[in-house]
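[1] the sequence and its predicted three-dimensional model are supplied below.
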Amino acid sequence: MKNKLRGRILIAAGALLLMAAVSLVLFNRYRDHAAGEHASETLVQVKQYIEKQPPADTSPAQPGDNAPGEASPDEAETETQEQQELTPLELDGEQYIGMISIPKLGIELPVMRDWTEQNMATAPCRYSGSAVRRDMVICAHNYSSFFKGLDTLMPGDEVIYTLLSGKQYRYEVSWSELINGWDTPQMTDGSENWDLTLFTCTWSGWSRVTVRCNLI
């Protein structure tokens, strides 16, 4: 009798665990879909805003503007440009500073100014740095509509970052690496060797798929 009861308890526990796992998968798919829908709607508004800006400087940024790791000849001017770059467009209480396009992955997404857990569920976020200083780091969840395919990028693949002013920074992938999820300094170290970093978590959450890019 005791063995039968124990067996029923184990079967019931297994069924509950299976239901919990299925529920988690469905919930994650729902979040992925909802985030993608929201980002797509927001992207339309960001594009409309960019299209309305005067064509003051829409030429792509050039690698010769200032070499990676070197300070701009005019630091005050650089600070002004950075301040303008990070001045956000506010949409429904959310602050956006541009959009990112990765042709190989078929994605084009708005970019939020500041990283928070809440913002990460909405769109890719600026983790640190800026495009003008050539040390920008952008992070996003590994949702299918966000950075899921980041680990498939290869050297030479193109990445385009567009400011709200319409100015474009065009990059190509230089290399990728896996960084321990707890090793925060490594994510931003070595900026003299790269101009843009993209990263997302692996499915385990223990590591970060990290892609380093340089201006074309």
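    Ah, there it is.
[2] and Phe199, what does it touch?
    Tyr127, Val137, Ile138, Cys139, Phe147, Leu150, Ile179, Met187, Arg208, Val209, Thr210, Val211 (Cβ atoms under 8 Å, 6 or more residues apart in numbering). Quick note: C-beta positions are derived from backbone N, CA and C, even for glycine.
[3] mind doing that once more with 6 Å?
    When contacts are counted by Cβ atoms under 6 Å, 6 or more residues apart in numbering, Phe199 touches Cys139, Arg208, Thr210.
[4] likewise Ala131?
    Ala131 is in contact with Tyr161, Tyr169, counting by Cβ under 6 Å, 6+ apart.
[5] tabulate the contacts of Phe199 in JSON lines, adding columns for pLDDT, distance to Ala123 and secondary structure.
    Shown next, in JSON lines, are the contacts of Phe199 (pLDDT from 0 to 100; distance: Cβ to Cβ, whole Å; DSSP: H, G, I helix; E, B strand; the rest coil):
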{"residue": "Cys139", "pLDDT": "97", "distance to Ala123": "11", "secondary structure": "strand"}
{"residue": "Arg208", "pLDDT": "96", "distance to Ala123": "18", "secondary structure": "strand"}
{"residue": "Thr210", "pLDDT": "98", "distance to Ala123": "19", "secondary structure": "strand"}
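[6] what's the closest of these to Leu89?
    Leu89 lies nearest to Cys139 out of the contacts of Phe199, by Cβ to Cβ, at 19.6 Å.
[7] isn't that closest one right next to Gly129, touching?
    No: checked against Cβ atoms under 6 Å, the pair Cys139 and Gly129 is beyond contact range at 11.6 Å.
[8] neighbours around Gly36, how many?
    17 (other Cβ atoms under 10 Å).
[9] what ranges do the strands span in this protein?
    For the chain, strands defined by DSSP state E occupy the ranges 89-91, 94-102, 107-112, 125-128, 136-139, 158-163, 168-180, 196-201, 207-215.
[10] name the residues of the shortest one that are buried.
    Okay, so that is strand 89-91. For strand 89-91, a neighbour-count test (16 or more other Cβ atoms under 10 Å) marks Leu89 as buried.
[11] next one: the second one
    The neighbour-count criterion (16+ other Cβ under 10 Å) identifies Glu94, Tyr96, Ile97, Gly98, Met99, Ile100, Ser101, Ile102 as the buried residues of strand 94-102.
[12] sheet partners, orientation included, of it?
    If you go by DSSP bridges, strand 94-102 pairs up with strand 89-91 (antiparallel), strand 107-112 (antiparallel), strand 158-163 (antiparallel).
[13] which helix or strand in the chain has the lowest average pLDDT?
    Lowest mean confidence among the helices and strands of the chain (mean pLDDT, DSSP states H and E): helix 2-51, at a mean of 65.
[14] between Cys139 and Gly129, which one's more packed in?
    When Cys139 and Gly129 are compared for neighbours, Cys139 comes out ahead with 22 against 18, by other Cβ under 10 Å.
[15] not counting its neighbours along the chain, what's nearest the more buried one?
    Of all residues not flanking Cys139 in the chain, Tyr127 sits nearest, at 4.5 Å (Cβ to Cβ, 6 or more residues apart in numbering).
[16] with that, I have no additional questions.
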